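Engineer: Just to be clear, the model below is a prediction. Sequence and coordinates:
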Amino acid sequence: MTTYERDATTLELPWPFAGREDELELVRRALTGTRRGIVVTGPAGCGKTRLVTEAVRGTDCARAAGTPESRRIPFAAFAHLLPEDVTLHRAVQLLSGVRTLVVDDAQLLDDASAALVHQLAVHGRTRLLVVATDGTPVPGAVSRLWTGELLPRLPLEPLPREETARLLTAGAGPLDPLTADRLRRLSQGDLRLLRDLLGAVRGVLTAVEDSGERAWRGPVPLTPAVRDHAAPVLGRGCPRERETLDRLAFAEPLPLDPDTLDLAALETLEADGLVRVDDCGAVRLGRPLYGPALRAAAGRLRVRRLSRSAEAYAAALDAERAALVRRIERDDVRATPTPVGEWLVAEGRPLPGGYAAVRARFARLRGEVRQAAAWAREGLRADPGDVACRDELARARAAVDSGGEAGTAVSALTDPYDAVRLGAPGQAAGRLRGVFARHAAALARADGPALDEVAGELERRGFTLFAAEAHAQAVSAHRDPRAARHSRTRAVALARRCEGARTPALSGLVLGELTARQRQIVTLAAAGLSNRQIAERLTLSVRTVGNHLYSAYARLGAGDRGALPSLTREREAQPA
């Protein structure tokens with residue numbers, strides 16, 4: 001369970017570079033040989049500038065950047081690199097001697113600067129790293145860099161869940177998964193907002209008993225960055241529209257009911273992207289941050305008027321619990337919205353044990369074992385004696401700490417599917433249905449292709465950990481080495497999403513695939529070289545070596561440098 005004790009530890013922000021290792025390699029390769037460079041695009045705040053900065057760290061390069069204020073001034077972005085009253089031809093001549101040029105916020109370049117960047121790409125003497133933000137108009141000369149195939153384009157997507165969790169750990173130490181998910185959900189891939197939120201809540205992080213993690217519960221702080229991102233709803237002037245937004249903030253989702261919501265106001269808000277209506281007619285706010293920001297900005301009287309009654313919360317939780325139970329019974333645990341339970345946990349309110357146990361089971365079946373443990377702890381906060389929550393907490397811990405049911409006799413298992421996961425499909429004969437029965441049959445026949453097919457079906461239904469285990473079992477069943485390699489790759493990729501799960505079926509895998517640079521560094525570290533020695537040998541900064549090692553630890557399942565020699569030997573011993 002969670003103990004709410006103030007933790008005086010301060011966070012060091014900004015955090016080190018983490019995640020994006022594959023993208024970093026691509027950008028670095030664009031700066032070698034005869035390549036002309038690369039264009040990096042993506043949504044605002046997704047880490048484009050940080051990625052490029054890390055790629056050129058330790059190299060000589062010139063920098064330029066567009067700004068909103070100078071879009072009408074010719075060559076404004078390059079004013080520090082060029083003389084006054086320069087022509088385009090002369091500007092190209094002068095900058096062709098620059099080996100590497102980083103151009104940030106290229107969507108804000110004035111027309112002359114955009115033309116200059118395009119001509120430098122045409123001439124090919126200067127390597128270009130161009131950064132542009134999606135969702136805003138880009139000068140035609142910039143967009144023709146990739147549409148005209150002068151430079152390759154690397155579109156950055158928001159960091160996936162597991163990479164965001166690693167980034168948060170690098171910046172703040174271990175956070176409980178409900179806190180990490182809340183921060184990720186509120187920031188929606190905007191790393192600048194993520195950093196702002198984490199910095200704002202560092203003083204209220206609390207220790208989670210017996211886990212080494214810290215948790216954030218309570219309202220969202222109205223920092224300047226939060227206010228800026230929530231300005232479209234916080235600054236809404238029309239009283240009818242603001243009332244509609246506030247009603248949603250305290251009770252979303254709401255049915256499309258004229259007795260509850262002002263439909264005319266809703267139409268305007270939907271047109272402005274501030275609310276959305278799903279296929280079932282449920283109305284929600286347009287961004288996850290809007291509701292918490294509106295609640296935090298509301299006065300006490302408004303909170304008392306709009307908050308749900310205890311009976312309404314209980315009814316909403318019962319509905320969410322029933323929906324999750326139906327999904328489990330249908331062998332379908334794909335992600336489904338559960339806003340009420342998430343809201344109550346975020347606010348630090350107690351959860352009924354029955355709801356928390358179902359949430360924990362749903363998360364465990366999805367392979368989210370640390371999240372399952374967190375939901376079970378939330379139930380035990382309200383009722384320390386809840387048997388179902390204690391059972392779920394024990395199962396979640398076992399999946400991480402001791403390899404699942406590895407120490408349990410197969411004959412003693414209560415769930416017949418656990419026997420299949422332990423490699424004893426005969427013990428489950430006639431006791432399973434559907435895809436689980438097909439898994440048992442394929443394993444009994446040692447049918448590698450059939451196991452891969454079962455794994456694909458399990459993955460589609462949301463059973464990520466079970467899918468990883470089926471692919472892992474297929475590795476030894478395949479007669480074709482190429483098929484075995486494919487199964488291993490899929491097993492590793494899926495296991496990486498399972499929050500550190502260690503089960504018997506996965507025990508033969510090194511849980512993670514490394515980039516080429518990580519392999520270099522890990523091999524040297526395993527041989528006993530220090531970070532500084534590795535940095536000197538590979539011409540990198542000591543900090544970059546440390547960041548790569550941290551990422552490698554996470555991917556390999558290593559706790560520290562001392563585990564690397566055995567892991568690298570295990571990796572080399574695995575069949576190709």
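Structural biologist: Now that the structure is in, tell me what you want to look at. Fair warning: this is a prediction, and the values are worked out from it, not measured in the lab.
Engineer: domains for the protein, by residue range?
Structural biologist: 2-15+160-218, 21-155, 227-306, 310-401, 410-506, 516-573 (automatic domain parsing).
Engineer: Rebuild the ones you listed as TSV, extending it with mean pLDDT and mean neighbour count.
Structural biologist: In this view, the C-beta of every residue, glycine as well, is placed from N, C-alpha and C. Output for the domains of the chain, formatted as TSV (pLDDT from 0 to 100; neighbours: other CB atoms under 10 Å):
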stretch	mean pLDDT	mean neighbour count
domain 2-15+160-218	79	19
domain 21-155	92	18
domain 227-306	92	16
domain 310-401	93	19
domain 410-506	91	20
domain 516-573	73	17
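Engineer: could you pull out the strands for the stretch 151-300 of the chain?
Structural biologist: Under the criterion DSSP state E, counting those that start in this stretch, strands of the stretch 151-300 of the chain are mapped to 153-155, 206-208, 213-215, 254-255, 275-277, 282-285.
Engineer: and the second one, what other elements does it pack with?
Structural biologist: The contact analysis (3 or more CB pairs under 8 Å, 6 or more residues apart in numbering; DSSP states H and E) places strand 206-208 against strand 2-6, strand 213-215.
Engineer: what do you get if the cut-off is 10 Å, keeping everything else the same?
Structural biologist: Under the contact definition 3 or more CB pairs under 10 Å, 6 or more residues apart in numbering; DSSP states H and E, strand 206-208 sits against strand 2-6, helix 177-187, strand 213-215, helix 369-382.
Engineer: Please identify which of these is closest to Ala444.
Structural biologist: Ranking the helices and strands packed on strand 206-208 by proximity to Ala444 (CB to CB) places helix 369-382 first, at 26.8 Å.
Engineer: relative to helix 177-187, how tilted is the closest one?
Structural biologist: Relative orientation of helix 369-382 and helix 177-187, computed by axes from the mean of the first three to the mean of the last three CA atoms, to 10 degrees: 110 degrees.
Engineer: Need the CA coordinates for helix 369-382. PDB is fine.
Structural biologist: What follows is helix 369-382, C-alpha atoms only, in PDB (Å, rounded to 0.1, in the frame of the first residue of the first chain):
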ATOM      1  CA  VAL A 369       2.700  -6.200 -14.200                       C
ATOM      2  CA  ARG A 370       4.000  -3.100 -12.300                       C
ATOM      3  CA  GLN A 371       0.700  -1.300 -13.000                       C
ATOM      4  CA  ALA A 372      -1.200  -4.300 -11.700                       C
ATOM      5  CA  ALA A 373       0.800  -4.100  -8.500                       C
ATOM      6  CA  ALA A 374       0.000  -0.400  -8.200                       C
ATOM      7  CA  TRP A 375      -3.800  -0.900  -8.700                       C
ATOM      8  CA  ALA A 376      -3.700  -3.600  -6.000                       C
ATOM      9  CA  ARG A 377      -2.000  -1.300  -3.600                       C
ATOM     10  CA  GLU A 378      -4.600   1.300  -4.200                       C
ATOM     11  CA  GLY A 379      -7.300  -1.100  -3.200                       C
ATOM     12  CA  LEU A 380      -5.300  -2.100  -0.100                       C
ATOM     13  CA  ARG A 381      -5.100   1.500   1.000                       C
ATOM     14  CA  ALA A 382      -8.900   1.500   1.500                       C
END
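Engineer: Mind giving me the packing neighbours of that helix?
Structural biologist: strand 2-6, helix 177-187, strand 206-208, strand 213-215, helix 339-346, helix 353-365, helix 387-401.
Engineer: Which helix or strand lies directly C-terminal to the first one?
Structural biologist: Okay, so that is strand 2-6. Counting by DSSP states H and E, the element after strand 2-6 in chain order, helix or strand, is helix 21-29.
Engineer: Quick one: distance of that following helix to the chain centre.
Structural biologist: The chain centre lies 19 Å from the centre of helix 21-29; the measure is CA atoms, centre = their mean, to the nearest Å.
Engineer: Partner strands of the next helix or strand after it, with direction?
Structural biologist: Toward the C-terminal end, the helix or strand that comes next after helix 21-29 (DSSP H and E) is strand 37-42. Strand pairing for strand 37-42, using DSSP bridges, gives strand 127-133 (parallel), strand 153-155 (parallel).
Engineer: any idea which residue sits dead centre in the chain?
Structural biologist: Closest residue to the average C-alpha location of the chain: Arg161 at 2.0 Å, with CA atoms, centre = their mean.
Engineer: contacting residues around Thr126?
Structural biologist: Counting by CB atoms under 10 Å, 6 or more residues apart in numbering, Thr126 touches 36-37, 61-62, 92, 95-101, 117, 120.
Engineer: which residues of the stretch 201-350 of the chain fall in helices?
Structural biologist: In the stretch 201-350 of the chain, the helices defined using DSSP state H, counting those that start in this stretch lie at 224-229, 231-234, 239-251, 263-271, 290-297, 300-306, 310-329, 339-346.
Engineer: Likewise for the stretch 51-200 of the chain?
Structural biologist: Using DSSP H, counting those that start in this stretch, helices in the stretch 51-200 of the chain cover 88-95, 111-123, 140-147, 161-172, 177-187, 191-201.
Engineer: which one of the ones you listed lies closest to Leu344?
Structural biologist: Closest among the helices of the stretch 51-200 of the chain, using CB to CB: helix 177-187, at 11.1 Å.
Engineer: For the residue nearest to the centre of the chain, which non-adjacent residue is closest in space?
Structural biologist: Arg184 (6.3 Å; CB to CB, 6 or more residues apart in numbering).
Engineer: quick one: that neighbour and Pro160 touch, right?
Structural biologist: Yes. Using CB atoms under 10 Å, Arg184 makes contact with Pro160 at a distance of 9.4 Å.
Engineer: distance of the residue of the chain positioned farthest from its centre from Arg71?
Structural biologist: In the chain, the residue that sits farthest from the middle, by CA atoms, centre = their mean, is Asp85; the gap is 47.4 Å. Here Asp85 is placed at a distance of 19 Å from Arg71 (CB to CB, to the nearest Å).
Engineer: swap in Val522?
Structural biologist: 46 Å.
Engineer: Check Arg125 too.
Structural biologist: For Arg125 relative to Arg71 (CB to CB), the value is 27 Å.
Engineer: Could you do Ser96 as well?
Structural biologist: According to CB to CB, Ser96 and Arg71 sit 25 Å apart.
Engineer: Would you format the strands paired with strand 37-42 as a markdown table with distance to Thr336 included?
Structural biologist: What follows is those, written out as a markdown table (distance: least, CB to CB, whole Å):
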| stretch | distance to Thr336 |
| --- | --- |
| strand 127-133 | 32 |
| strand 153-155 | 28 |
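Engineer: Not counting its neighbours along the chain, what's nearest Gly140?
Structural biologist: Distances taken as CB to CB, 6+ apart put Ala114 closest to Gly140, at 7.6 Å, once the chain neighbours are dropped.
Engineer: Quick check: the one you found touching Ala141?
Structural biologist: Yes. Between Ala114 and Ala141 there is a contact under CB under 10 Å: 4.0 Å.
Engineer: any common contacting residues for these two?
Structural biologist: Ala106.
Engineer: ok, back up a step: so can I have a markdown table of the strands of the stretch 151-300 of the chain showing distance to Arg433?
Structural biologist: Shown next, in a markdown table, are those (distance: least, CB to CB, whole Å):
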| stretch | distance to Arg433 |
| --- | --- |
| strand 153-155 | 42 |
| strand 206-208 | 37 |
| strand 213-215 | 37 |
| strand 254-255 | 35 |
| strand 275-277 | 37 |
| strand 282-285 | 32 |
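Engineer: so which of those comes closest to Ala172?
Structural biologist: strand 213-215 (7.7 Å).
Engineer: pretty sure Asp85 contacts Pro74?
Structural biologist: Yes. Assessed by CB under 10 Å, Asp85 is found in contact with Pro74 at 9.4 Å.
Engineer: okay if I get the helices of the stretch 201-350 of the chain as a markdown table plus distance to Ala477?
Structural biologist: Formatted as a markdown table, those follow (distance: least, CB to CB, whole Å):
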| stretch | distance to Ala477 |
| --- | --- |
| helix 224-229 | 50 |
| helix 231-234 | 54 |
| helix 239-251 | 52 |
| helix 263-271 | 52 |
| helix 290-297 | 48 |
| helix 300-306 | 58 |
| helix 310-329 | 29 |
| helix 339-346 | 40 |
